[in-house]
Every structure is written in C-alpha cells, then in structure tokens.
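Chemist: here is my input; please provide its structure:
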Amino acid sequence: MILDESRIANHTQKKDNSCIPMSIECVLKLLGIIEQNDFRFQLLGGDDDKCEKPTDWIDNLIVTGKEGKRVLFVRRFETDRLHDFSKDRLEQLFKTIDYELDNNRYVIICLRFDKKIPITCM
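Modeler: Okay, here's the model as predicted:
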C-alpha cells in the first residue's frame, strides 16, 4: 500500500480523549475518503474540550466517501485489562494485528496506562 503522507500533514488531535476518532479520521484521509480539513469524528460531542462519546459506535462503522469509496471499521478486541490481559490473550491480539497488516488493513490500537490518559497507535 502506497501512502501519500501529504494527506495527513495538517491532521491533529482536536480534543482531549479523542484518540480513536482522530485515528479514524487519519485512516480516512490516507485513503482519500474524507478531505484533509474534515474532523467530523472528533467533533461528535460538540464544542467542549473533551471527546466523551463512548467508542461503541465504531464497531461496524461504514464510511462512504468520494466516488462511492467505502471503508469498514470493526472492533476486534474489547479486553478488560485488569482481569483478562493474560499471555494467551496478548498472543491472540498480536496474531490478529499481524493478520490485519498482512491483508493491507490499518490497525488502530488504544492502550491506557491510566483511566484518563489513553495511548493510541495506528
């Protein structure tokens, strides 16, 4: 997959805790589905500083863009990190990531080291 990084040159996180919506916008911009100045997913909660909307809306999210291009976002893992973060679960997670990447798909990962501060990797 050849990426045109200029499509995300001005992409930024607009709100605290909008890591996943920001990453979704980034993928959509890289694929040419939304315009560079489109921040619709980070702005879903209104004009406040926080993006408090739960991320359940992401599972099976289909976004249609220019020329009918479509992309599907699917949540693959929902893990209770305090009670279900075993070695087997971690291995399954990495196998899934490898599978998705091998099939030229983007992978968005949000890890939290604190309940208030998520870390998002794309």
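
Chemist: what strand or helix carries the residue lying closest to residue 41 once chain neighbours are set aside?
Modeler: Distances taken as C-beta to C-beta, 6 or more residues apart in numbering put residue 21 closest to residue 41, at 3.7 Å, once the chain neighbours are dropped. For the C-beta atoms, the positions are set from N, CA and C on the backbone; glycine is no exception. Per DSSP states H and E: residue 21 is located in helix 19-30.

Chemist: for that helix, packing partners?
Modeler: Contacts defined by 3 or more C-beta pairs under 8 Å, 6 or more residues apart in numbering; DSSP states H and E place helix 19-30 against strand 70-73, strand 109-114, strand 117-121.

Chemist: in its sheet, what does whatever helix or strand comes next after that helix sit against?
Modeler: In the C-terminal direction, the helix or strand that comes right after helix 19-30 (DSSP H and E) is strand 61-64. Strand 61-64 has the following strand partners under DSSP bridges: strand 70-73 (antiparallel).

Chemist: could you pull out the buried residues of the partner strand?
Modeler: Within strand 70-73, the residues scored as buried using 16 or more other C-beta atoms under 10 Å are 71, 73.

Chemist: so what touches it?
Modeler: Residues outside strand 70-73 that contact it (C-beta atoms under 8 Å, 6 or more residues apart in numbering): 24, 27-28, 31, 33, 58-65, 108.
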